[in-house]
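>>> for reference, the sequence and a predicted model appear below.
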Amino acid sequence: MLPSIALTLLGLLVIPNASAKVTIRKTGRAPTGYEVDFEYTNTTARRVLIGGGIQPFTDQFHTTGTSFRLNGRYDPHDYQPGDFYVSNPSPQLPAEPAYKWPYEMKKSDKGVWTYTTPLPSGIYSFAYLVNCDYAPNCSSVDTGQLVIDPDLPPFMNVPGDQVASSFQVPFDAQFQASPELNTNFDYALDAPDPGKNRGTVRTVNYTSPGSLHPAPDVHDFAIYLPAEYSRREPGVKRKYPLLYLSHGAGGNGADWENLGRMSHIMDNLIRLGLIPPTVVVTPSFYNLDNSSGLAEPLFIYGNKSNNVPVPPAAHVRENFEKYLFPYVESNYDVCQNSSCRAFAGLSMGGVLTYEMFVNATDKFDYFGMFSPATSGLSGYIAASDVAANPSLLRKGIMIAYGLYDFVLPAARDLQTALDGLEIRYINRVTPFGSHYWNTWQDELWWFGVKVLWKEVPTGVRTGRN
């Protein structure tokens, strides 16, 4: 029996001694070849839903990219090869019972809540919604109804920084292969032979004067060190290529590992010889200081407001140049010249990447703008900027977004601006992609395959071999 007293950390409900389990089973049968079993023990709850990133499914022929109402909205029990999920900014969701997502668990006589569903290849995030009558009203930690799976805690630096666990489902070619669409995300699974192929990822706190979180004058980032990094012989020094990878609005530096399985993607890129062993730093661009007039830190996932202002990209860049970049270069064996340094990011992190490209051009030779939310920019660089800074023409650049991504128009405008200046780049349009993590996993993978540490400037031969 569960204790009657719950522990609240930063507004996040964590139940001591709770029992939970997620099992991914290969079934060898339709519809996907895999099933996922959720099991959660709570003897006092009257209702438990599975919330988070397990979206309804759709297909290429019944998807608008802008409205859930007009999408296929298939239950995964009705999955067909080529189906995929999208996350859309639908302004209104119909009230229950028409609104069937997330999934509702069933309770046994012993207080064990269970749910089983088939799922195709991909990343899925989730949390349990306890005593919730309408899921969208319970998805904030303020309600006290959002419970993290106690046996599958998220990757995070400080409790409360993340409010969802995640898991990855493999691909089954027998049941999931489609001539219309490749939705195989196995590049984000655990790499085989752990001792040889799996790097390590952890969070790091560093001195950053003025920072509000996780402590006064202390900020944080997550770092991935490739497997080779820790296996070096004593005294052997090597400078490893360095990728900075930014989260988006409302996120933090742990997102890429917790929700995107960044370390798994990097392990597999390195294991397959697609890139050399590379160090990855995923910083946080919130809580750098109180320049917004804030006396208290913004707990992006745990605060009471979902409309947290994003710091200006120029301000973040200046802060990173002053504190983050020197710390990383002083404490890790990483490259310190532009030819083996890269910056990439998703959504508002894509805007930060654009800022780095324009105003920190000589620090990086590679830039990945994933779903760049550039619609808020007052303008793009002009011919005079290129004349003053010709190195803008000598970079490895990827601009990527999903076919059903709401930033698609803005990203195309960015491309048009670069086209007008004859700045070369590679473009990836994720065919199943919305503004969500399956898209950004895809974009990180192809950034590694086609652009990262390849010949610059980006040209028509880039990625061909």
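Structure's in. What do you need?

>>> could you use CA atoms for every contact and neighbour count after this?
Will do.

>>> residue ranges in the stretch 51-200 of the chain under the pLDDT threshold?
Low-confidence segments of the stretch 51-200 of the chain, defined by pLDDT under 70, span residues 65-70, 88-102, 140-142.

>>> how about low-confidence regions in the stretch 351-465 of the chain?
Using pLDDT under 70, the stretch 351-465 of the chain drops low at 465.

>>> which residues in it form strands?
All strands of the stretch 351-465 of the chain, identified by DSSP state E, counting those that start in this stretch, fall at 366-370, 396-402, 426-430.

>>> for the second one, name the packing helices and strands.
Packed against strand 396-402 by the contact rule (3 or more C-alpha pairs under 8 Å, 6 or more residues apart in numbering; DSSP states H and E) you find strand 366-370, helix 408-420, strand 426-430, helix 437-450.

>>> what's the closest of these to Asp78?
helix 437-450 (20.1 Å; C-alpha to C-alpha).

>>> okay, the helices and strands packed on strand 396-402 in a markdown table with mean neighbour count and distance to Tyr401 next?
A markdown table is the format used below for the helices and strands packed on strand 396-402 (neighbours: other C-alpha atoms under 10 Å; distance: least, C-alpha to C-alpha, whole Å):
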| stretch | mean neighbour count | distance to Tyr401 |
| --- | --- | --- |
| strand 366-370 | 31 | 6 |
| helix 408-420 | 17 | 6 |
| strand 426-430 | 18 | 5 |
| helix 437-450 | 23 | 7 |
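
>>> which stretch among the ones you listed comes nearest Ala164?
Closest approach to Ala164 among the helices and strands packed on strand 396-402 (C-alpha to C-alpha): helix 437-450, 13.1 Å.

>>> mind giving me the packing neighbours of the closest one?
strand 122-130, helix 262-271, strand 366-370, strand 396-402, strand 426-430.

>>> could you look over the ones you listed and pick the most buried one?
strand 366-370 (a mean of 31; mean count of other C-alpha atoms under 10 Å).

>>> paired strands for it, with orientation please.
strand 341-346 (parallel), strand 396-402 (parallel) (DSSP bridges).

>>> any idea which of these gets closest to Pro283?
strand 341-346 (10.2 Å).

>>> so how far is Ile275 from the nearest residue to Leu288 once chain neighbours are set aside?
Of all residues not flanking Leu288 in the chain, Ser211 sits nearest, at 4.4 Å (C-alpha to C-alpha, 6 or more residues apart in numbering). The spacing between Ser211 and Ile275, counted by C-alpha to C-alpha, to the nearest Å, is 34 Å.

>>> what about Asn389, neighbour count?
Using other C-alpha atoms under 10 Å, Asn389 has 14 other residues around it.

>>> ok, now Arg232?
Using other C-alpha under 10 Å, Arg232 has 11 other residues around it.

>>> ok, it to Gly345 distance?
Counting by C-alpha to C-alpha, the gap from Arg232 to Gly345 is 30 Å.

>>> next one: Asp362
Taking C-alpha to C-alpha, one finds Asp362 at 18 Å from Gly345.

>>> looking at the two, which is more packed in?
Gly345 (26 against 17).

>>> which residues sit in contact with the more buried one?
Contact analysis of Gly345 by C-alpha atoms under 8 Å, 6 or more residues apart in numbering lists 245-248, 351-353, 368-370, 372.

>>> beta-bridge partners for it, please?
Beta-bridge partners, per DSSP bridges, of Gly345: Ser246, Met369.

>>> local confidence estimate at it?
Per-residue confidence (pLDDT) for Gly345: 98.

>>> gap between it and Leu377?
For Gly345, the distance to Leu377 - C-alpha to C-alpha - is 16 Å.

>>> quick one: contacts for the spatially closest residue to Pro179 that is not a sequence neighbour?
Closest residue in space to Pro179, ignoring its immediate chain neighbours: Gly82 at 7.9 Å, by C-alpha to C-alpha, 6+ apart. The neighbours of Gly82, taking C-alpha under 8 Å, 6+ apart as the test, are 59-60, 176-183.

>>> rewinding a little: just the buried members of the contacts of Gly345?
Listed as buried from the contacts of Gly345 are 245-248, 351-353, 368-370, 372; burial here means 16 or more other C-alpha atoms under 10 Å.

>>> give me every residue that touches Ala417.
So Ala417 contacts 380-381 (C-alpha under 8 Å, 6+ apart).

>>> from Ala314, how far off is it?
20 Å.

>>> can you check Val451 too?
Distance of Val451 to Ala314, computed by C-alpha to C-alpha: 25 Å.

>>> out of these two, which sits in the more crowded spot?
Comparing Val451 with Ala314 by other C-alpha under 10 Å, the one with more neighbours is Val451, at 24 against 15.

>>> OK, contacts around that one?
Neighbours of Val451 in contact, by C-alpha under 8 Å, 6+ apart: 366, 396-398, 426, 458, 462-463.

>>> against Ser330, how distant is it?
For Val451, the distance to Ser330 equals 27 Å [C-alpha to C-alpha].

>>> ditto for Arg29
With C-alpha to C-alpha as the criterion, Arg29 and Ser330 are 53 Å apart.

>>> with Ala314 instead?
In terms of C-alpha to C-alpha, Ala314 sits 23 Å off from Ser330.

>>> can you give me the distance of Ser284 to Thr41?
34 Å.

>>> the two - which one has more neighbours?
Using other C-alpha under 10 Å, the more surrounded residue of Ser284 and Thr41 is Ser284, with 24 against 20.

>>> looks like that one contacts Phe221 (just checking).
Yes - Ser284 lies in contact with Phe221 (C-alpha atoms under 8 Å); the separation is 6.1 Å.

>>> who touches both of these two?
Gly253.

>>> so for the closest residue to Trp445 other than its chain neighbours, what's the pLDDT?
Setting aside the residues directly before and after it, Trp445 is nearest to Ile265 in space (C-alpha to C-alpha, 6+ apart), at 6.6 Å. Turning to Ile265, the model gives it a pLDDT of 98.

>>> who's in contact with Ile265?
Ile265 neighbours (C-alpha under 8 Å, 6+ apart): 187-189, 441, 444-445.

>>> same thing but 7 Å
If you count contacts by C-alpha atoms under 7 Å, 6 or more residues apart in numbering, Ile265 has them with 187-188, 445.
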